[in-house]
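1. here's my sequence, what's the structure:
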Amino acid sequence: MANAVLLNNIDHKDLRVDMRRVRGLGDEVMFAPTFPTEFRNLQAHYPIVFAKTPNGTSFQPVALFGFREGQNLFLESGSWDVTYLPLAIERQPFLIGTAEGEPVIHIDLDSPRTGVDAGEPLFLEHGGTTAALERISSVLLTLHDGVRAVPAFVAMLVELDLLESFVLDIELPDGSQNRLAGFYTINEDRLAQLDGTALERLHRAGHLEAIYMAVASLSNFRALIERVNRVDAADR
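-> Numbering: from 1, shown residues only. Below is the predicted model:
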């Protein structure tokens, strides 16, 4: 459980956050949640798929980093090795909350990124915010706005029956078989068969571009498989 507290320049004046992307700091995750307006940046590097929400009643778009729990194939050589870092990853260990209706920043004091001995300072000597904290504030606000758009986007995908489950079987160089299952993608055949009215609704709602970005992102599965093959070969 996160030990999230409201960030302030009195209690946390000496707090520092390790912004590196290295193993052991919490980035060893198979995927991260995302939102439609981030798809354009993500689609150059990551497959964008959909996962069932924890209560099983809806779907959440996610950027995929690996093929099993705890596997992040983008953490290589002590860094995140592509140019775009998903915002849900970048914001760690910060969270957004509200106070009197206004967004505020919380921080997880139990995160391995959080401490006083090393990392980026959050506050200046006389209480102002550092560039690092200003960046995090921008990231959190973008995430806050983006996540609010997800339910309407997903609801229209479900209404138009555009999501389908898929299974991806991968054979590693050593001959072992691996299977990715439990995720959903855009059904391209159904998308192509939508009539003008449905396409206009998607366009007017601002969803059409995100749909095509998600479809285009699936070409990244080839590169992701190459990554897992390299890791497997290096481990042998």
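
2. quick one: Trp80 and Asp27 touch, right?
-> Yes - applying Cβ atoms under 8 Å, one finds Trp80 in contact with Asp27, separated by 7.5 Å. All C-beta atoms are positioned from the backbone trio N, CA, C, and that covers glycine.

3. overlap in contacts of the two?
-> Common neighbours of Trp80 and Asp27, using Cβ atoms under 8 Å, 6 or more residues apart in numbering, are Arg21, Ile89.

4. Phe123 versus Phe65, what's the distance?
-> Per Cβ to Cβ, to the nearest Å, Phe65 is found 32 Å from Phe123.

5. more neighbours: which of these two?
-> Neighbour totals were compared for Phe65 and Phe123, and Phe65 leads with 24 against 20 (other Cβ atoms under 10 Å).

6. all the helices of the chain, residue numbers only.
-> Using DSSP state H, the helices assigned to the chain run over residues 39-42, 87-90, 131-148, 150-159, 188-192, 196-204, 208-217, 220-235.

7. now mean pLDDT and mean neighbour count too, for the ones you listed, in a markdown table please.
-> A markdown table is the format used below for the helices of the chain (pLDDT from 0 to 100; neighbours: other Cβ atoms under 10 Å):
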| stretch | mean pLDDT | mean neighbour count |
| --- | --- | --- |
| helix 39-42 | 98 | 20 |
| helix 87-90 | 97 | 20 |
| helix 131-148 | 96 | 16 |
| helix 150-159 | 97 | 16 |
| helix 188-192 | 97 | 12 |
| helix 196-204 | 96 | 13 |
| helix 208-217 | 98 | 19 |
| helix 220-235 | 83 | 14 |
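
8. now tabulate those in CSV and tack on distance to Ile170.
-> Putting those into CSV (distance: least, Cβ to Cβ, whole Å) gives the following:
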stretch, distance to Ile170
helix 39-42, 21
helix 87-90, 23
helix 131-148, 31
helix 150-159, 26
helix 188-192, 21
helix 196-204, 32
helix 208-217, 18
helix 220-235, 6
